[in-house]
Structure formats: C-alpha cells, structure tokens
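S.K.: Sequence and predicted structure, then a few things I'm wondering about:
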Amino acid sequence: MAAEGGGKENELKTQFTTREGTYKLLSLSEYSRPNRVPYNAQGCHPVRVSFINVSGEKDGSGDRICFNVGRELYFYPYKGVRKAADLTKPVDKRVYKGTLPTCHDFNQLTCSSESVSLLVGFSAGQVQLIDPIKKETSKLFNEERLIDKSRVTCIKWVPGTENMFLVSHASGQMYMYNEEHPCGTTAPHYQLLKQGDGFSVWTCKSKSTRNPIFRWVVGDGALNEFSFSPDNKHIACVSQDGFLRVIDFDQMELKGMMKSYFGGLLCICWSPDGKLVAVGGEDDLVTVWSFAEKRVVARGHGHKSWVSVVAFDPFTTMVVEGEAGDFSGSDDEGDDSQTRNNPGSNPGSNPGSMRERANSSHSRASLCNADTSNVTTYRFGSVGQDTQLCIWDLTEDVLYPQQPLTRARTHTNLTNSLPLPSGSATMPRCNSLPHNAVHSTGSAPNSKEKSLTDGSIASGITSKFATLTLGDRRDKHEKHEHKRNYSLSSKSSDKLNSISKGHNAHSKMLEDYARLGTPCCPKLDEVPLLEPLVCKKIAQERLTALVFREDCIVTGCQEGFVCTWARPGKVGLSQTSSTHSTGGTVV
C-alpha cells in the first residue's frame, strides 16, 4: 500500500501517492455552501455531485458542477485545477421546503451554453425538471405522489434519448418517464408486460398516453442504484436484498446475477469497456464481477464500514498497445452522436420498443467499440462511511489467471502476492492479501512460498485477513466506532437477507443464488482478495461522492464539502477564493 509521511491515524490526508505520482488536495478548489460552514449531517440524505460541459470545449471552460447539501441545491461553474472556486457567484441556488433533494442528473444530449436540463429527485418521491441556467422550473413529476411515495434513490436520463428518464425508489420500483407526457390526476393502473427472475415489467393502462410509461419491480427492498452499460444496451441494478442484476434494457431479459457477501448492495459502476461491474455495500467490500464470464473476479477489502460509491478511473487504464484515450469516454461527455436503431419495433407492445417514444435516435458513442483486448490493469476507487478513500488496481494476472504475464509488472504490491491454497492454485493473485492460512493445518509453506513472502506482510495480519469472516474481524472498539460514527439507521442484515418472503415464484431461485459458496456468491477464499493501493482518511464525515476526471479526482462528504484532488503534474491554481454568502431561490 502506498504510504506517505507520518501523522496520526485519524489525521486527514491532503495527498497520496500511486505509481503515476502524487495526488494533491487543492484547498482553493473546494466547493461547498457559500459560508463554508459544515452542514449538520445527522439523518440527512447523501451529498451527490453531477458534472456537465455546456460548451463542448475540452479546456474545461464550459464545465459546470451541481451538488445537493441538505435542503439546498447548488449549480456553479467548475474551474477544477485551473482556478480557485468562487462561491459568491453560483449560477443557481435553490432551497426546498418540506422535501430534500436526494439525487440529480444532467441531460448530456440537449445541453448548451444557454440552457441545460437537470433532473432532481426528492426524499418524498417527486421528480423536478429544472433549467439552472435560465433559472426556470419546467415540470414536476409525481407531484401528488400518486405513482410512488418513497424516496428517490437514483435518477438518470435514458442514453440516446432527449426526453426519456428512469427513476428508482426505495420501494424497489423503477419508473420510465417521458418529460412530454403528463402524470395524470389519478393513481396509475398497470398490466404485466414481462417477467423474469427477480424482476417484472409493467405498462401503464390508460386511455390517453401518460406517465409512467413502464414500471419495473426489481428485487426485494430498496433499489439503491442503477447504471447503464457503456454501450447503452444493458442496465445493472443493485438492491437492498444484496443482489446485482444485469438486464438487457430493450429486450427486458436477465443476463446475469451476483449476491453480496452479506447485506445490501449500495453502489455500482461499469468498467469503461463494459466488461466488468464493480459494486459495494454493507459487507464493507468492493466486489468486481465479470459480465462476460458471469463470475466474481475479485473482492477488495480496505473499508471499515459501508461502501457508499465505487467508480472506475478510465484515464489510468493500462494497455500494452494503443492509446489510453480509447478508454477515456464517460457519461460526462455530451458531444457524441452515434445512432442507435431498433428495427422492427412496435411501440407499446414489443419489449424492444422501450426507446421508441424518444424524439432523438442519437446515442453516446459506445466505449465497447474501442480495442479493449489488451487491457492489463483496471483502476477504480471507492469511498465509504468510514471517511476513507480507497484506490484499487485490478491487474492482468487476476483478470486472466490461465494466461502467462505478457510483461514485467510494476505494481506497488506485487511482491505481496501469494499462490492460492491447495485446490485453487489456478487463480494467481496480484496485489491481493495472502491466503496461505485459510486451510492451514500447521504445516509450513514450501521454499518457493517462503521466497515470495519473506519480508512482506506480518503473520498476524496474514492470519487476520486470510480467515476473514466479516463477523469477527473487528475488535469491540471498532464495532462500537462503526455503529456510532458511520452507519445510518437501517434494518439488520439478517432481516435484509430474509426479506424475500411473499415472492414465492422466485424464492427457490433466490435461495440458490444466495447460498454462500455458489458461483453467484463465492467464499472469500475462492476469489482473489485485493488490498487497496491507497487507503486514506480524507474527511471528517462519511464520504458520499467520487468522480474521476481527466485532470483530477472529485470527492464529496456529508458535511457538504466537494473537494478536488489534482492528478500528478496538474496543479495550477493561482487565485484566491472568497467566502461571502449569497442569496438564492427558495422553492
């Protein structure tokens, strides 16, 4: 693990080092409420961060940032590593009464320097469409809460469309809206369109066209987050029942599932090439699942509490040949114009017609079109309620265990790798925690194993992680600290894992998938257990946002501070920032 100079364990870090250099916190690029007073985060919804470029210029001059803090929503010009943040001049500020913003998303297709469409979800279930540049409120959906009364957990525009968006709720349901259609004055009635393992899709029965167009019922408990694949063909959902489900969005067919070690899954992210899915949740682990192979590739242990956000870094993906730029596309780019067609579709009857109601057939360029056969290292990060930022590398010998290494590895912790225990020797590890004690019978390792482990990790730590059970890995003090400082109020994991009552049609399937030791939920000693390259405490309150940008990393904490970490060689701030307060719109 990369280390930096001294300091106490609880001291906040202002820089960290990886193989490419040192990342530094830019204090002048911190975004927050204008008075910079920490927000009282007790019982509040997570601070989320969204970016958009309204000019299409790559110099960052058109970058805008949106973030929510408590009842407030801010929209600022984002100056990143170039200039200091000026908190006295927000483009728009809104203060809500009676409900709190929980999530938001920009429409990347329709944005311009004069107008931008921003969707905002709320704690009482409503959805608002606003234009923060024109300072207008266009429409309000589910205003009377006739569609769903529960909290909005995630909201996204449907890729390739100008007016379609998806909204997930804590009820476990997800709705597709068309911004041009009304929601109606009565509660909607639905009829079943398609049903699969652990999910069902319903259409709205109405004489006239109205919202929602479709209703998805996914898993048991809250649907915590969903994410579209880079090619826009699949949608991955994580739920409080602990399942990751990957579904063909147009055909409405289940393509794969995975179960958490225990507890609910809270966050999800696709790799830039669409081959891997990373998830995190209440088991304190980061799990990487292969979409192509339908198996868990690795688990990462570094957090001491729930994992709030996981994200891939497309700008440090390593390849043997070709340019890393092939992997640098992201949802923040709004100038792509790839056309997506659905031939033979019949709106309203064919499941493949889900996007036919849109006005535009343009789609963002698929990252899977790039040559990704030579990927040797995936970089991803995670933040959690333990206030720690973890940076991970998933390397070639973990991705392709059957193939020999093509070149010498320069990984920070390669010397800490060990062969798997007997019976699992076909899956070598890179940057993984040693597992020689998992099936220990008192015999000493052979001379080859000794040469690999000599001077690497103390035997006490080896034993601790090799026999990791997640039930007894912490001492009493750590358990008390977790409960007091980091965890939100929630049902126990036992209750979450038994929430499948009442769904008899899928109970047998869920029971089979949930069983520890199956391919859907392998044991800890059956897959590589990664340790983070970097694991640093960077905030006083739980972390809730993580975004990788070309010149920096952006993090957000529950106190309402959005921080910029300059990548190596990208520091260039010269101005001073102001702290005067400003007025705003009361909504």
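M.R.: Yep, that arrived. Remember, predicted model here, so these are calculated numbers, not experimental data.

S.K.: Confirm that Asp525 lies within a helix, as I assumed.
M.R.: Yes - counting by DSSP: H, G, I helix; E, B strand; the rest coil, Asp525 is found in a helix.

S.K.: if I look at it, how far off is Val296?
M.R.: 12 Å (Cβ to Cβ, to the nearest Å). Heads up, the C-betas are built off the backbone N, CA and C, glycines and all.

S.K.: Among the two, which residue is more densely surrounded?
M.R.: Val296 (22 against 17; other Cβ atoms under 10 Å).

S.K.: Make sure the more buried one is actually in contact with Met257.
M.R.: No - using Cβ atoms under 8 Å as the test, Val296 is too far from Met257 to be in contact (11.2 Å).

S.K.: My understanding was that Ser123 contacts Arg151; is that so?
M.R.: Yes - using Cβ under 8 Å, Ser123 is in contact with Arg151, at 5.0 Å.

S.K.: Now do the shared contacts for the two.
M.R.: Common neighbours of Ser123 and Arg151 (criterion: Cβ atoms under 8 Å, 6 or more residues apart in numbering): 45, 102.

S.K.: And for Gln191, the neighbour number?
M.R.: 8.

S.K.: Can you read off the backbone torsions of it?
M.R.: Main-chain dihedrals, Gln191, degrees, to the nearest 10: phi -130, psi 140.

S.K.: Start the count at 20 instead of 1 going forward.
M.R.: Yep, numbering from 20; the last one is Gln210 now.

S.K.: Grab the nearest non-local neighbour of it.
M.R.: Lys224 (5.2 Å; Cβ to Cβ, 6 or more residues apart in numbering).

S.K.: got it, and Ile84?
M.R.: For Ile84, ignoring the flanking residues on the chain, the nearest one in space by Cβ to Cβ, 6+ apart is Tyr97 at 3.9 Å.

S.K.: How about Val68?
M.R.: Ala564 (4.3 Å).

S.K.: Tell me the bridge partners for that neighbour.
M.R.: Beta bridges link Ala564 to Gly575, judged by DSSP bridges.

S.K.: Can you give me the pLDDT of it?
M.R.: Looking at Ala564, its pLDDT stands at 98.

S.K.: cool, Pro464 as well?
M.R.: 39.

S.K.: go on, the one 3 residues further on?
M.R.: Lys467 carries a pLDDT score of 39 in this model.

S.K.: so where's the protein shaky on pLDDT?
M.R.: Where the chain drops to pLDDT under 70, the residues are 20-28, 60-62, 337-394, 421-533, 591-606.

S.K.: Which residue ranges of it form helices?
M.R.: 415-418, 466-472, 478-485, 495-500, 512-516, 523-533 (DSSP state H).

S.K.: helices and strands around the shortest one, which ones?
M.R.: Helix 415-418 is packed against strand 314-320, strand 394-403, with contacts defined by 3 or more Cβ pairs under 8 Å, 6 or more residues apart in numbering; DSSP states H and E.

S.K.: try it again with 7 Å
M.R.: strand 314-320 (3 or more Cβ pairs under 7 Å, 6 or more residues apart in numbering; DSSP states H and E).

S.K.: angle of the strand it packs on against strand 394-403?
M.R.: 50 degrees (axes from the mean of the first three to the mean of the last three Cα atoms, to 10 degrees).

S.K.: Tell me where the stretch 220-369 of the chain has strands.
M.R.: Using DSSP state E, counting those that start in this stretch, the strands of the stretch 220-369 of the chain run over residues 233-237, 242-247, 253-258, 262-267, 272-278, 284-289, 295-300, 304-309, 314-320, 326-331, 337-338, 357-358.

S.K.: Those strands: which one's closest to Glu39?
M.R.: strand 337-338 (10.0 Å; Cβ to Cβ).

S.K.: re the thing from before, around the residue nearest to Ile84, count how many other residues there are.
M.R.: Counted with other Cβ under 10 Å, Tyr97 comes out at 24.

S.K.: What of Trp411?
M.R.: 26.

S.K.: That one bridge partners, please.
M.R.: Phe399.

S.K.: My read is that it contacts Pro551, right?
M.R.: Yes - counting by Cβ atoms under 7 Å, Pro551 is a contact partner of Trp411 at 5.4 Å.

S.K.: what touches both of the two?
M.R.: Gly319 (Cβ atoms under 7 Å, 6 or more residues apart in numbering).

S.K.: thinking again about what came up before, need the contact list for the residue nearest to Gln210.
M.R.: 208-210.

S.K.: Asn126: which of the residues you listed is nearest?
M.R.: Nearest to Asn126 among the contacts of Lys224, with distances taken as Cβ to Cβ, is Tyr209, at 26.7 Å.

S.K.: Please name the bridge partners of that closest one.
M.R.: Here Tyr209, judged by DSSP bridges, has bridge partners Cys223.

S.K.: number of nearby residues for Glu163?
M.R.: 14.

S.K.: quick one: the residue lying closest to Arg314 once chain neighbours are set aside from Ile152, how far?
M.R.: Of all residues not flanking Arg314 in the chain, Pro538 sits nearest, at 5.8 Å (Cβ to Cβ, 6+ apart). Using Cβ to Cβ, we find Pro538 at a distance of 49 Å from Ile152.

S.K.: next one: Gln34
M.R.: The value you get for Gln34 to Ile152, if Cβ to Cβ is used, is 35 Å.

S.K.: what does Ile71 give?
M.R.: 10 Å.

S.K.: And for Ser136?
M.R.: 10 Å.

S.K.: again, but for Met183
M.R.: Counting by Cβ to Cβ, the gap from Met183 to Ile152 is 22 Å.
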